[in-house]
Every structure is written in structure tokens, then in C-alpha cells.
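Peer 1: sequence? don't have it. structure:
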């Protein structure tokens, strides 16, 4: 029982219900649990939302990143620029593809890659940049280098009127339960490049180009997303505008309640639309605040990770922006079931924890 017998406020809660149940029931009744029509149906919805010609769904956001990086045909040892503050999958897929991830520091206010810190070398072939927590990248300030978007949390976000996931060579989405559209586990590669789409389509299905006659030009993997999971995502994709409006309402509710506290609050640049995958504030003494919130039955979490502080990437030097954000970023409970009373309770708890300490 939490303190004072008050109900726990969940960190996340997928917006799923009867419509998803009906779609899943249709799949179960059809007997086509995978490689059936729901995959193409879900892909068409994602392509529409990202305003691209092709969307290929796969088993996770990490799988999407892996296949997208692999599809670009880079050579072993080529360098890929990666933000120093991101979930490790962004860099891991680069390293596991035989390429060299080169960390770039982030802007300590936006938490996205800092264009001023990008240095291009003779082997720099790609910028793999993240719209972190749904805040669009400042594309206008990025150097002229091929861009792969890690848009894992940016479905619905827009940069100067253009859909995130359709801004670079390809975009990579995640459908993890804390994302605005979820399939439980899942992801997608979005692109206007038919060659990239074909490469991802083959690689996610063992490398098969065709089964009759059998044609496998290169070895592949099994990263297929089942019809059952696609059925969960279809109704949410169709009501993305509604889901984003609800999350925008919750974000505005937090901002109204927290604006006078000593916190750095999230926002998008003027003219952009935030995707609101999470509501992440920055606060001094974050670990104490996080522990106190949890003790009061308020689920909270760190933002994400400073890669140079992890063993796998510790050899790349100091990244003060990433280190500062890692120490201060705090993800608050964020989902469409939050009531005004829940937001009041979170805000009141934060007020007591940060105002007089």
C-alpha cells in the first residue's frame, strides 16, 4: 500500500480497448496470425501518417534501426554520428552493423543533438539523430550529411509542417507501450526510397526476395511483425490525431501547474509540433526527487542515458551536455488516463520537493 493509501499514478498506460480487441478477434478468427493482410493495412496507415511512400513494420524500434542502417550499404569502419544522450539502441545498431558510432553532445536545454557540436570527418557517412521524447530536431541547423531519423517517440510530431519520420533517408519508429501508438512490441522503417524499402522488406524476412522461385540474394533475419500485433496498432494509428490531442492536453496541464517551479519544462521550437512521447522535465537533485515521488506512489523515471557513461562507449571522451541532462532529466507519469486530480497531485508533490529544498 502506498503512503496514505492513495492510488498509484502509473508512469504509462497504453490507450487500448474495445477497438483493438475487435481487430485482434478478427485476426484470430481468420487463422492468419502472421504474414497476413493486417501487416499491409498497418503499414499503409503508418506511411500515411509519416507522409512517405513506404512503411515496413518489424518486431521493435531497435529492429527498425538495425535494418535501416544495414540497408544504407555503408562500409565497415564508416562513421555514423549519434547523439550522446539517447537510448543505447541508437548507437548499438551502428556498432553491431560493423560501423563506428561517433558520439555528439546534446543541447542541455532541448536534449536533442547540438548542431554546433557536430564535426564531420573524412569517414562520416551518416547522422543518426533522435527526435528525443517527441521534440523535433532543428533540421535547418544540421550540416549537409545524410540523415537517418530515430523517430521512435515522434510519430505525430511535425517539423515546420512536415511529418517526422519523413524528413531523411528513412525514419525509424517504435511501438513500445510508452509510445503514442503501441503494438506491445514493434517498430517500422519509413522511407520514400524504394531501394531502402526493398532492402528492409527482404532483410526482415530471412533475406527472401521471392519464394517461388526461391531467391535469397543475401542472408537476412526474422524481424517480421505478426498480424496479431498489427491489429492492435491499426485502430490507434487511425485515431492518431485524437491521441496526440489528448497527450497535448496532459502536457499543457503539467506546464500550467509547473511553470513557476524551478524546473526546465519541455516544449517544441516555434512552428513545430511536439509528439509528446513523454513529459520530461529537468530538475536539480533529480535522484532525490525521483525517490520521493516513487515513495508517494507516483511512478516516475529517469529520462534516458548518457552513452559515454556506459562501458560500451566510455572511450569517446567527455560530453558535458549529455552528462548534465542525464543527471537532471525526470520523466513524469504521462498517458491519456491521467485526470486533473492526478496532475494536481504530481504538481503538489513536486512543489514540496523542489521549492524549499
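Peer 2: Alright, I've got the coordinates. Predicted model only: the values in this text are computed from it and were never measured. Numbering: from 1, shown residues only.

Peer 1: List the residues that contact the closest residue to residue 24 other than its chain neighbours.
Peer 2: Sequence neighbours aside, residue 231 is the residue nearest to residue 24 in space, at 4.8 Å (criterion: C-beta to C-beta, 6 or more residues apart in numbering). Placement of C-beta: from N, CA and C, glycine included. Shown in contact with residue 231 (C-beta atoms under 8 Å, 6 or more residues apart in numbering): 20, 23-24, 26-27, 38, 42.

Peer 1: Buried ones among those residues?
Peer 2: 20, 23-24, 27, 38, 42 (16 or more other C-beta atoms under 10 Å).

Peer 1: Make a markdown table from the residues you listed and add pLDDT and secondary structure to it.
Peer 2: Shown next, in a markdown table, are the buried ones among the contacts of residue 231 (pLDDT from 0 to 100; DSSP: H, G, I helix; E, B strand; the rest coil):
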| residue | pLDDT | secondary structure |
| --- | --- | --- |
| 20 | 98 | helix |
| 23 | 97 | helix |
| 24 | 98 | helix |
| 27 | 98 | helix |
| 38 | 97 | helix |
| 42 | 98 | helix |
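
Peer 1: Pick out whichever of the residues you listed sits closest to residue 272.
Peer 2: Set against residue 272, the nearest of these by C-beta to C-beta is residue 42 (26.3 Å).

Peer 1: need the buried ones among the contacts of residue 231 in JSON lines with distance to residue 82, can you?
Peer 2: Shown next, in JSON lines, are those (distance: C-beta to C-beta, whole Å):
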{"residue": "20", "distance to residue 82": "34"}
{"residue": "23", "distance to residue 82": "36"}
{"residue": "24", "distance to residue 82": "36"}
{"residue": "27", "distance to residue 82": "37"}
{"residue": "38", "distance to residue 82": "33"}
{"residue": "42", "distance to residue 82": "28"}
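
Peer 1: Among those residues, which one lies nearest to residue 345?
Peer 2: residue 20 (28.7 Å).

Peer 1: Isn't that closest one up against residue 239?
Peer 2: No - using C-beta atoms under 8 Å, residue 20 is not in contact with residue 239; the gap is 11.0 Å.

Peer 1: follow-up on the earlier one: so what does the residue nearest to residue 24 look like in phi/psi?
Peer 2: Per-residue torsions, residue 231: phi -60, psi -30 (degrees, to the nearest 10).

Peer 1: same check, this time on residue 101
Peer 2: According to degrees, to the nearest 10, residue 101 has phi -70, psi 130.

Peer 1: Bridged to it, which residues?
Peer 2: Counting by DSSP bridges, residue 101 forms beta bridges with residue 80.

Peer 1: Now do the closest residue to residue 310 other than its chain neighbours: how many residues are near it, please.
Peer 2: For residue 310, ignoring the flanking residues on the chain, the nearest one in space by C-beta to C-beta, 6+ apart is residue 88 at 6.5 Å. Counted with other C-beta atoms under 10 Å, residues neighbouring residue 88 total 16.

Peer 1: Double-check residue 88 against residue 309; I have them as touching.
Peer 2: No - between residue 88 and residue 309 there is no contact under C-beta under 8 Å: 10.8 Å.

Peer 1: Please enumerate the helices of this structure.
Peer 2: Taking DSSP state H to define them, one finds helices in the chain at 18-30, 37-50, 61-71, 89-96, 194-203, 227-238, 240-258, 286-295, 320-328, 340-354.

Peer 1: returning to what we had before: quick one: the residue nearest to residue 310 from residue 239, how far?
Peer 2: 32 Å (C-beta to C-beta, to the nearest Å).

Peer 1: and the gap between residue 288 and residue 39?
Peer 2: Distance of residue 288 to residue 39, computed by C-beta to C-beta: 46 Å.

Peer 1: now residue 341
Peer 2: 40 Å.

Peer 1: So between those two, which is more surrounded?
Peer 2: Taking other C-beta under 10 Å, residue 341 and residue 39 do not tie; residue 39 has more neighbours (20 against 9).

Peer 1: what's near enough to touch the more buried one?
Peer 2: 57, 224-225, 227, 230 are the contacts of residue 39 under C-beta under 8 Å, 6+ apart.
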